[in-house]
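Asks: sharing a sequence plus its predicted fold:
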Amino acid sequence: MWIGVVSLFPEMFEALTRQGVTGRAVEKGRIDLEFWNPRDYATDRHRTVDDRPYGGGPGMLMKVDTLRAAIHDARSRAEIATGQRPKVIYLSPQGRRLDQRGAGELASGPPLVVVAGRYEGIDERVVEADIDEEWSIGDYVLSGGELPAMVLIDAAARLVPGVLGHQDSALEDSFNDGLLDCPHYTRPEDVEGRRVPEVLLSGHHGAIRRWRLKQSLGRTWLRRPDLLEGRTLNDEQRELLEEFIEEYAP
Ligand SMILES: NC(=O)c1ccc(NCc2ccccc2)nc1
């Protein structure tokens, strides 16, 4: 998957490009990450990249011409590198809330150009002219769009085929088919008297699958009942959840 990033602080993205799953995916060429810094398009002596807001008020906005030039070059590069027109995304608290389903859509869609804002954001005409979709990672304001951009890129990249070692581990993640994840255990069998559930040591894969599904359903019921609303459970799921509820509040 090809992803272009427009940011004043491209070095922040080394957290993605040099570490872990995403770092390996970049190394293996599963993910191409390229960067454009609006500051490189500044022509004045001070290399200005911010500008004052019309109407006054505190703070600055990203300067229009340097930002647009960077987005334009990233878009052109995407088309040359992939033969596809990219989807240009802007991270802001005003955007569509990112969730696992959205990450899946982004992972299976066209190449992305991700624009990370700084200051108080960007001129609305740049949003209208150059941005295809606005996304948010949550209802809070950060000092810049870089961390949200990295969250979005990581969430999407790990769903790109071949990025995760076990493809199915992405499927078993929390929010896979909309349920929270079950509890996980590894060695030792006993941690301060707390033992691993026997079923997981039994080798009975059917029982293990059902136990994990029951735990996922139960946890979702307990912690995020909203995720169960409007969702029809199949017979097995309904049975397992009823069992869980029975045991939880007999
Ligand atoms: N919740 C998010 O996804 C998010 C995105 C960006 C951001 N900060 C940069 C910015 C501030 C104001 C306007 C536009 C961008 N903070 C949070």
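Replies: Noted; the coordinates are in hand. Numbering: from 1, shown residues only.

Asks: now do the longest strand along the chain, average pLDDT.
Replies: Taking DSSP state E as the criterion, the chain has its longest strand at strand 87-97. Strand 87-97 comes out with an average pLDDT of 98.

Asks: what is the helix or strand following that strand packed up against?
Replies: Per DSSP states H and E, the first helix or strand lying C-terminal to strand 87-97 is helix 100-107. Applying 3 or more C-beta pairs under 8 Å, 6 or more residues apart in numbering; DSSP states H and E, we find helix 100-107 packed against strand 87-97, helix 146-157. The way it works is simple: take the backbone N, C-alpha and C, and place the C-beta from them, glycine included.

Asks: could I get the ones you listed as a markdown table with distance to the ligand and mean neighbour count?
Replies: Below are the helices and strands packed on helix 100-107 laid out as a markdown table (distance: least, C-beta to the nearest ligand atom, whole Å; neighbours: other C-beta atoms under 10 Å):
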| stretch | distance to the ligand | mean neighbour count |
| --- | --- | --- |
| strand 87-97 | 4 | 18 |
| helix 146-157 | 4 | 22 |
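
Asks: I'd like these laid out as a markdown table, including distance to residue 213.
Replies: A markdown table is the format used below for those (distance: least, C-beta to C-beta, whole Å):
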| stretch | distance to residue 213 |
| --- | --- |
| strand 87-97 | 27 |
| helix 146-157 | 24 |
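
Asks: closest to residue 12 out of these?
Replies: Closest approach to residue 12 among those (C-beta to C-beta): helix 146-157, 4.6 Å.

Asks: report the backbone C-alpha coordinates of that closest one in CSV.
Replies: Extracted C-alpha coordinates of helix 146-157, given in CSV (Å, rounded to 0.1, in the frame of the first residue of the first chain):
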residue,chain,number,x,y,z
GLU,A,146,1.0,13.7,13.2
LEU,A,147,0.1,11.3,16.0
PRO,A,148,-3.5,10.9,14.6
ALA,A,149,-1.9,10.3,11.2
MET,A,150,0.3,7.6,12.6
VAL,A,151,-2.6,6.0,14.4
LEU,A,152,-4.6,5.9,11.2
ILE,A,153,-1.7,4.6,9.1
ASP,A,154,-0.9,1.9,11.7
ALA,A,155,-4.5,0.8,11.9
ALA,A,156,-4.8,0.5,8.2
ALA,A,157,-1.3,-0.8,7.4
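
Asks: give the contact list for the residue in the chain that the ligand sits nearest to.
Replies: Closest approach of the chain to the ligand (C-beta to the nearest ligand atom) occurs at residue 121, with a separation of 3.2 Å. Each residue near residue 121 by C-beta atoms under 8 Å, 6 or more residues apart in numbering is listed here: 61-62, 92.

Asks: one more time with 7 Å
Replies: 61, 92 (C-beta atoms under 7 Å, 6 or more residues apart in numbering).

Asks: per-residue confidence for it?
Replies: 98.

Asks: assign it to helix, strand or coil.
Replies: Assigned with DSSP: H, G, I helix; E, B strand; the rest coil, residue 121 falls in the coil class.
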